[in-house]
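> from the sequence below, what's the structure:
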Amino acid sequence: MVEKYTTKDLLIIDNFIDDPDVYLDICKHTKFYNKGINTIDGVSLYEDQSNIPNGLWSGLRSGHLEYIAPKEYRQLAQKICHSLSNTPLQLDGYIVDMFFHYGPGIIPNNDSWWHIDKDYKVAGVIYLNKVLPADTGFGTKIILGKENVFVAENRFNRLVLYNSSLMHRPEACFGTTADDARLTLTIFLDGP
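Sure thing, here's the model as predicted:
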């Protein structure tokens with residue numbers, strides 16, 4: 001089992017969160033939103049407007065972890081930033097955005113998922129599925145170098161961080177709800 005793997009554009013650390021069940025419990029009590037739609041009938045879905053996730057995405061995403069669970073957010077953000085120390089992905093100071101994200105299998109698997117995260121310098125995920133369907137292919141594809149597709153395998157509690165200017169995408173989605181669908185803690189980092 002890989003404990004830590006790093007290249008100039010990629011960092012993978014297994015068994016990253018000390019107590020991942022804490023985050024799974026938070027996730028079970030969190031609202032999820034679809035494609036950045038922040039109002040229903042003109043009423044905001046967020047009491048605190050700073051909690052609104054930016055952008056569009058496939059699947060469903062929570063608000064900022066910083067506002068959902070501030071203590072757990074601070075602990076995890078510090079650990080993530082510390083893990084980047086002395087790696088090529090290290091930034092001078094960090095701004096960290098984190099969201100729970102789930103991708104149900106109803107989302108069609110296609111090449112339109114390839115993207116970069118241009119508003120950030122580093123992006124990544126922590127996989128939160130304890131059990132995966134029998135067939136494989138639920139990790140993250142990242143293009144390293146000239147058309148060299150690297151697949152970060154979906155393993156429970158695995159941190160995968162990469163240069164956000166690299167083309168990447170989920171490999172596939174599955175399940176129907178946050179309890180059984182592809183579940184990650186999605187991470188974006190930028191410098192001041």
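> contacts and neighbour counts: CA atoms only from here.
Will do.
> quick one, helices of the chain?
20-28, 65-68, 70-84 (DSSP state H).
> pick the most deeply packed of the ones you listed.
Highest mean neighbour count of the helices of the chain: helix 65-68, a mean of 19 (counted as mean count of other CA atoms under 10 Å).
> who does that helix touch, helix- and strand-wise?
Applying 3 or more CA pairs under 8 Å, 6 or more residues apart in numbering; DSSP states H and E, we find helix 65-68 packed against helix 70-84, strand 95-103.
> send me the last one as PDB with only the CA atoms.
Read that as strand 95-103. Presented in PDB, the C-alpha positions along strand 95-103 are these (Å, rounded to 0.1, in the frame of the first residue of the first chain):
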ATOM      1  CA  ILE A  95      -6.100  30.000   1.100                       C
ATOM      2  CA  VAL A  96      -7.900  26.700   1.500                       C
ATOM      3  CA  ASP A  97     -11.400  25.900   0.200                       C
ATOM      4  CA  MET A  98     -13.000  22.500   1.000                       C
ATOM      5  CA  PHE A  99     -16.300  21.000   0.200                       C
ATOM      6  CA  PHE A 100     -17.900  17.600   0.500                       C
ATOM      7  CA  HIS A 101     -18.800  16.400  -3.000                       C
ATOM      8  CA  TYR A 102     -20.700  13.400  -4.200                       C
ATOM      9  CA  GLY A 103     -21.200  12.100  -7.700                       C
END
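> any stretches of this protein with poor pLDDT?
1-2, 35-57, 136 (pLDDT under 70).
> go again with 90.
Within the chain, the stretches with pLDDT under 90 are 1-7, 31-63, 86-94, 102-120, 133-138, 145-148, 169-173, 176-179, 191-192.
> look up how far residue 135 lies from residue 20.
Residue 20 is 24 Å from residue 135, where distance means CA to CA, to the nearest Å.
> check residue 90 too.
Distance, residue 90 to residue 135, using CA to CA: 35 Å.
> give me the more crowded residue out of the two.
Taking neighbours as other CA atoms under 10 Å, residue 90 and residue 135 compare with residue 90 leading, 16 against 6.
> quick one: residues contacting the more buried one.
81, 84 (CA atoms under 8 Å, 6 or more residues apart in numbering).
> also residue 23?
Residue 23 neighbours (CA under 8 Å, 6+ apart): residue 72.
> one step back: now the helices and strands packed on helix 65-68 as a markdown table including distance to residue 123?
What follows is these, written out as a markdown table (distance: least, CA to CA, whole Å):
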| stretch | distance to residue 123 |
| --- | --- |
| helix 70-84 | 11 |
| strand 95-103 | 9 |
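> residue 126 pairs with what?
residue 159, residue 185 (DSSP bridges).
> for residue 132, see how far away residue 150 is.
Per CA to CA, residue 150 is found 20 Å from residue 132.
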